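Visitor: Sequence and predicted structure, then a few things I'm wondering about:
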Amino acid sequence: MAVQAPGIVFDAVSKKFRRGEVHDSLRDLLPAVARRVLRRSTAAPALTADEFWAVRDVSFSVSPGQTLGIIGHNGAGKSTILKILTRILRPSAGSYTVHGRIGALIEVAAGFHPDLTGRENIFLQGAIMGMGRTQTHQKLDEIIAFSEIEQFIDTPVKRYSSGMNARLGFSIAAHLDPDVLVIDEVLAVGDYAFQRKAFGQIQVLARSGMPVVVVSHQLDRVAELCTHALLMSHGGVVCSGAPTDVIGAYMRGVGSAGAGASESSPLTMHAAELIDGNAVPSGGSLRIRIQGMTLSEIARHVEPVGIIVRSAQTGEVVYATGTSVFDLTFPIGEFVLDVELQMNVQPGIYLVDIGVWDRAGETQLLVGPSLNVRVVEARTFLGPTNFNSNMTLRQT
């Protein structure tokens, strides 16, 4: 069976911008243009004092059927990558290829003409994507129905709310037979129901063999949708791999020094593993095995093994416990600690941080292993906590 070529290839791409560039006269403009022409090169050019790298030496590929999630703080370079992919920007160095027609939603109402109706803008976007009027007309009813704004489709889009623009923009991008789909975090503008519907459509497109690139701060959605992920920081890729691992690195801060055992830590930890894999249904049990070694007697004010569970979406601590709660005594030497947590929480990605704490001094003595777990939907419920409710009905 032949291996399909990647639909998107980024090869050492860099993009720089100039801070506050203003040319007040022809005398200033002509030398500046000449300098840019003379500096053109496939290698990353040096920066001048008033320039900065928005993207620096970024490489990745996305094959048919794959969905790449790009995450990172604001200003990390995520949207610049998408604008290069959609040919809004040209790279300063490096090369990239995109095979086929791109369906893109990178800004609310990007490309919409405000005085045209929603229906007219559908045909405008179809023309921009290189589709004929007949091809666009064949998709028209499907686009309008998915957007759920049928009663306003013949209203000028300048009267649309941001959510209505997002609905129509996504529906156009996803239904005009693109070969590659590029989605920015603008989907967060839509309401919750439409977000779920839109992400479901992205899953359908990816399973159909379409390469998809998603930029989003909705980390649980990235974990749900994507086959792999990149973490961007200051224009460069600092971490890549499985979505849950990359999300965990983002939440914990890549590059921060992980502490070994300090001189005052009475034990070390070698490893921690999720016994049943990293996915558990909401309300189900998560089993963790921790291995380590006790080095010295443990003082009463020290928490030998503390566990903190945080939501990857919000960073909020949802649960914390430790071995002292269970009156466990650690003998000198090797140990194995089995932990079971009932995950009575909403579906999403959760980070499990393990360490040793000095409760008296409120300091961490050891940064131990970290784990990522994905809680998947079991029985639907509303609210932050799963009460594992049961109901029975009988006739009287």
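Guide: Alright, I've got the coordinates.

Visitor: moving C-terminal of the helix or strand containing Arg287, what's the next helix or strand?
Guide: Assigned by DSSP states H and E, Arg287 belongs to strand 285-294. Secondary structure here is assigned by DSSP H and E; on that basis, the next helix or strand after strand 285-294 toward the C-terminus is strand 302-311.

Visitor: Summarise which helices and strands that next one is packed against.
Guide: strand 267-274, strand 285-294, strand 317-322, strand 333-342, strand 348-358 (3 or more Cβ pairs under 8 Å, 6 or more residues apart in numbering; DSSP states H and E). C-beta here means a position set from N, CA and C on the backbone, and glycine is covered the same way.

Visitor: Mind checking those for the one nearest to Val222?
Guide: Among these, strand 348-358 comes nearest to Val222, with 8.5 Å by Cβ to Cβ.

Visitor: which strands and helices sit next to the closest one?
Guide: Strand 348-358 packs on helix 219-225, helix 243-252, strand 267-274, strand 302-311, strand 363-376, going by 3+ Cβ pairs under 8 Å, 6+ apart.

Visitor: Within the sheet, what are the partner strands of the helix or strand following the first one, with directions?
Guide: The element immediately downstream of helix 219-225 (helix or strand, assigned by DSSP H and E) is strand 228-233. When pairs are called by DSSP bridges, strand 228-233 turns out to pair with strand 67-72 (parallel), strand 236-241 (antiparallel).

Visitor: so of those, which one's packed in deepest?
Guide: strand 67-72 (a mean of 25; mean count of other Cβ atoms under 10 Å).

Visitor: returning to what we had before: put together a markdown table for the helices and strands packed on strand 348-358, with mean neighbour count on each row.
Guide: Compiled in a markdown table, these are given as follows (neighbours: other Cβ atoms under 10 Å):
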| stretch | mean neighbour count |
| --- | --- |
| helix 219-225 | 23 |
| helix 243-252 | 22 |
| strand 267-274 | 16 |
| strand 302-311 | 21 |
| strand 363-376 | 19 |
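
Visitor: Report the mean confidence score over stretch 230-237.
Guide: Over the span of stretch 230-237, the pLDDT mean works out to 93.

Visitor: Give me the nearest residue to Ile8, chain neighbours excluded.
Guide: Spatial nearest neighbour of Ile8, chain neighbours left out: Val62 (4.2 Å); criterion: Cβ to Cβ, 6 or more residues apart in numbering.

Visitor: that older thread, okay if I get the helices and strands packed on strand 348-358 as TSV plus distance to Ile102 and mean pLDDT?
Guide: Written out in TSV, the entries for those read as follows (distance: least, Cβ to Cβ, whole Å; pLDDT from 0 to 100):
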stretch	distance to Ile102	mean pLDDT
helix 219-225	18	80
helix 243-252	23	83
strand 267-274	38	92
strand 302-311	34	93
strand 363-376	30	88
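
Visitor: Trp357 is nearest to which of the ones you listed?
Guide: Counting by Cβ to Cβ, Trp357 lies closest to strand 302-311 out of those; the figure is 4.3 Å.

Visitor: neighbouring contacts of the closest one?
Guide: Outside of strand 302-311, the residues that reach it under the criterion Cβ atoms under 8 Å, 6 or more residues apart in numbering are 251, 266-267, 269, 288, 290, 292, 294, 298, 316-324, 328, 330, 337, 339, 341, 345, 348-359, 365, 368.

Visitor: swap the cut-off to 6 Å and go again
Guide: Surrounding strand 302-311, the residues in contact under the criterion Cβ atoms under 6 Å, 6 or more residues apart in numbering are 298, 317-324, 330, 337, 350-355, 357-359.

Visitor: how far off strand 317-322 does it point, in degrees?
Guide: 160 degrees (axes from the mean of the first three to the mean of the last three Cα atoms, to 10 degrees).
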